[in-house]
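1. show me how the following folds:
(2 chains)
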Amino acid sequence: MIGPKNSHYDVVIVGSGIAGALVAKRLGLTGKRVLILEAGASVPPNFNDYMKRFYSAAAKVPEVPYTPEIFAAGGEFFDPAVVNAGRPTVLTLSRFQNTWMDPKKTYCIPDPKGAFPFASTYDRVAGGTSNHWLGTCLRNVPNDFQMRTVYQSKSGDWPPGLVDWPINYEGLNKWYGDAEHEIGVSADVKEQEYLGITFPPGYKYPMPGIPSSKVDQLLDRTFRAKNTEVRMEDDDHPLSVKQTPAARNSQPNGNRRACAGNTNCIPICPIQAKYDPTITLNEAGDTGHVDIWYRTVASEIVVGENGRIAAIKYIQYREDQGPPTDTGSVTAKVFVIAANAIETPRLLLMSKTRNGTVANGSKMVGKNLMDHPYYVAWALLPESGEQVWPYRGPLITSGIEVCRDGQFRSNRAAFRIDIGNEGWNFPAGDPYATTVDFINNLNINGPNNLGTGRKAEALFGDALVKRLNSVLTRQFRLGFLVEQTPDDSNCVTLAKERDGLGLPRPQIRYDLSAYTKRGFVAAKRTADKIFNTLNAKQYTYLIKDNPCTFDAPDGSGPMNFFGAGHIVGTCRMGHTKGDSVVDSELRSWEHPNLYIAGSSVFPTVATANPTLTIAALCLRLAERIRRDLA
Amino acid sequence: MIDSVSITDAPDPRTATMLELSVSDGPNAREILENTMKVTRRAALSRAIAIVGSSAAGSLLRPESARAADDPAAKARMQNFLGVSEILTGISQIRLSPQRDPIDIKTTYLTLVTNRRPVVFERLLQKYGESRAISPDPKMIGAKLLDPSEPKVCYLARSIMLMWYLGVWYEPEDLQLAESTGSSPNFSVISPAAYTQAWVWRVAQAHPMGYSEWHFGYWHEDPPFKLENAILPEGTP
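-> This next block holds a predicted model:
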């Protein structure tokens, strides 16, 4: 809603994603007057508009249901210089014609000093990027919070950025539980007690766990049968399959239905059985105390007396590429920046002070940008063996979590493994690509190899049906989310290129450290081991001219990595004002009424998908702000 | 997994450029146009293709469904199209064209093919008739239609197969080029309905991603139907 422009609020929040929405709702419930500034558009009046955009899209990439438009009428990308609230997209990361480094196509500018494009994207729209999250709600393991303390002494070559968090698991335990109930997580406690994760006595998740898929069941059975035989090379623990806790309804919940297994959590759940932040935004609005101004871009944080933030300046627009329609500033007692780990440092860096920029006494704003660089491997189960029928159920229902912690972390990055229920859809564009292979006498994906001389053949009729069924029902893939080290050279700065409002766009320098790359090698070897155990034939291929390619440090050749959409770091919380941007309560060291919310405050990316930890930290933050205002 | 998948460079055919389908006549054509216009506003359009190939094709553009209802020739034409489609796809006509067929994707497809490739499609239907007169064996007929010595018919036949399987349109020339270069062909999206009607999902004993008609927990079990039941005349899909 665009409320009457009351220029003074108790709290002004920048960003309506999961972080901003949760803080707003909690404060709204206590009667605080809250304003959210959202750079992008509101949810369309009819949710089906999102679905139509999805069904009609040629490339069903995560951002397709959402605005703003990516393409001009002529089929070219909109020049980000004319878009008022631009965003990086999967399509603009393309290697074709070097799109990813062309400032006329790509919103985020790659810093020439970096090795790779930053491989993840985000959205600027009501609800933010978590519109198309998967729903995974893992807690961090306790050692994720104390990497330096636990593992540095055993390491000869410790990455300097891999620090302890200023909070620990015990401090967050209660807030994890609060978050799980706030957003509605389906899981079973017993299944989640591993690697030191504990729950308060008698704790229950709000909904029972999500049933496993046929792929999960096959892996679980195989691992159990082989007992300790299937494990990582540098760890003694056998691999095991764990149910993935998910913000996905396993039973009707509030006004929302149980999951119907649409296999479409990303880009969009058609029935909103998966939680997304627009649900919390609605509830925030229902408190009667929360206003949201859409298409309102925060352009500067203004510092007043005693270092306190006095106001936030904004620019409003009506059309995605139209002229600004209004500018102004809002004042509040407390300000929360909850954009994301790229837009938050961008806003801070755009906000000048007498001797620098806002919240940047440590010069750490924008530094230590992280992701879970993602290794994907895919294989086909033997034709003589069983079918697992992918392309059914939620995109992911189980993972392999034992890889998240162990002594190996003194030497190389940990990872977790997710087990895909969508066949080769993500890595190889199936079921499309393989169908084209069989009909058009091609073998781009690999399995069309039973023709004369093991070559491709063109099939039709009954033979086509049977072969396609045999292949598509035996596909599976594993994804490895590798814990990237915080490196201060991986950073967000301001580019000389501008957006449609004349504001500087983000510039990103990005690389992977040796420690991170060693984690990739371990991931690849673990994938190979799992496939061998299943007698599955691997079809993982290397995309040679992909800009996200590096040589494996063990000399085994080049590897591709993908982005996980886990944009983390850049405003880290820490122990002292010299080592961080915010303190353990997410408050700026310099500005007592300025807080930062979201994954940008994570000191390390850790081994869980970040959203549940974001939510836990935000509920804790809302309580802190409530006390501030009391 | 990955909350914001970055398939930076996977050779995903869906990242191929989307082509504009424009049409000018008939209610089904209009439906395509409406859907396409929605598509084109946000899609990469490198070149426009017209469903209406030439003014001579105008006579073919009377709405197929309306014609089929009262015109024996149109009925026969649809019958031939379904016959060709069954042989190529391996999916029974009664599945391609069920008795209760509110979505009526077959008419969308027939209109599209007729308008896009009026001459070659006539030749394909003719070849189908000739082959059938020689032998009713679907393998024989299919091999004739896909005989590479007549490439225009062969690649149009493949376009028709891919349309049924994937709900998208591949130009025959693009398929020919892709085969010779070993690359992924360009394609164009037809409509949201075509996406949800794509047969590949049923052949995989699954459902279109984003279009499940099943209920919570089904994925824990084997599929509720056998492959044969999805594609053959008998049984329950």
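2. in the stretch 351-500 of chain A, which spans are helices?
-> Along the stretch 351-500 of chain A, the segments classed as helices by DSSP state H, counting those that start in this stretch run A:425-428, A:432-439, A:461-472.
3. so which other helices or strands are in contact with the second one?
-> In terms of contacts (3 or more C-beta pairs under 8 Å, 6 or more residues apart in numbering or on different chains; DSSP states H and E), helix A:432-439 is packed against helix A:461-472, helix B:151-166. (C-beta placed from N, C-alpha, C; glycine too.)
4. looking at those helices, which is buried most?
-> Burial of these is given as mean neighbour count (mean count of other C-beta atoms under 10 Å in any protein chain shown); helix B:151-166 ranks first at a mean of 24.
5. now that helix: mean pLDDT?
-> For helix B:151-166, the mean per-residue pLDDT is 98.
6. swap in stretch B:217-226?
-> Across stretch B:217-226, pLDDT averages out at 96.
7. can you list contacts of that stretch?
-> Contacts of stretch B:217-226 with the rest of the structure, by C-beta atoms under 8 Å, 6 or more residues apart in numbering or on different chains, involve A:211-214, A:217, A:261, A:389, A:392-394, A:397, A:421, B:205-206, B:212, B:214, B:235-237.
8. list the buried residues in it.
-> Neighbour counts over stretch B:217-226 (16 or more other C-beta atoms under 10 Å in any protein chain shown) mark B:217-220, B:223 as buried.
9. repeat that for stretch A:611-626.
-> When burial is assessed from 16+ other C-beta under 10 Å, stretch A:611-626 yields the following buried residues: A:611-626.
10. stretch A:245-255 now?
-> For stretch A:245-255, the neighbour count (16+ other C-beta under 10 Å) marks A:245-250, A:253 as buried.
11. before we move on, back to that, closest to A:T121 out of the helices of the stretch 351-500 of chain A?
-> Of all the helices of the stretch 351-500 of chain A, helix A:425-428 sits nearest to A:T121, with 14.6 Å by C-beta to C-beta.
12. for that closest one, packing partners?
-> For helix A:425-428, the elements it packs on are strand A:374-380, strand A:475-482, judged by 3+ C-beta pairs under 8 Å, 6+ apart.
13. now the angle between strand A:374-380 and the longest one, please.
-> Right, strand A:475-482. Strand A:475-482 runs at 160 degrees relative to strand A:374-380, counting by axes from the mean of the first three to the mean of the last three C-alpha atoms, to 10 degrees.
14. for strand A:475-482, the distance to its chain's centre please.
-> Relative to the mean C-alpha coordinate of its chain, strand A:475-482 is positioned 16 Å out (C-alpha atoms, centre = their mean, to the nearest Å).
15. can you list the strands that that strand pairs with?
-> strand A:374-380 (antiparallel), strand A:415-420 (antiparallel) (DSSP bridges).
16. just the residues contacting the shortest one, thanks.
-> Pointing back at strand A:415-420 there. Strand A:415-420 has contacts (C-beta under 8 Å, 6+ apart) with A:136, A:138, A:213, A:215-216, A:219, A:241, A:244, A:372, A:375, A:390, A:395-401, A:403-404, A:426, A:476-483, A:519, A:522-523, A:526, A:607-608, B:1-2.
17. please enumerate the strands of chain B.
-> Applying DSSP state E to chain B gives strands spanning B:18-22, B:45-50, B:168-169, B:188-189.
18. counting neighbours, what do you get for A:N306?
-> If you count neighbours by other C-beta atoms under 10 Å in any protein chain shown, A:N306 ends up with 8.
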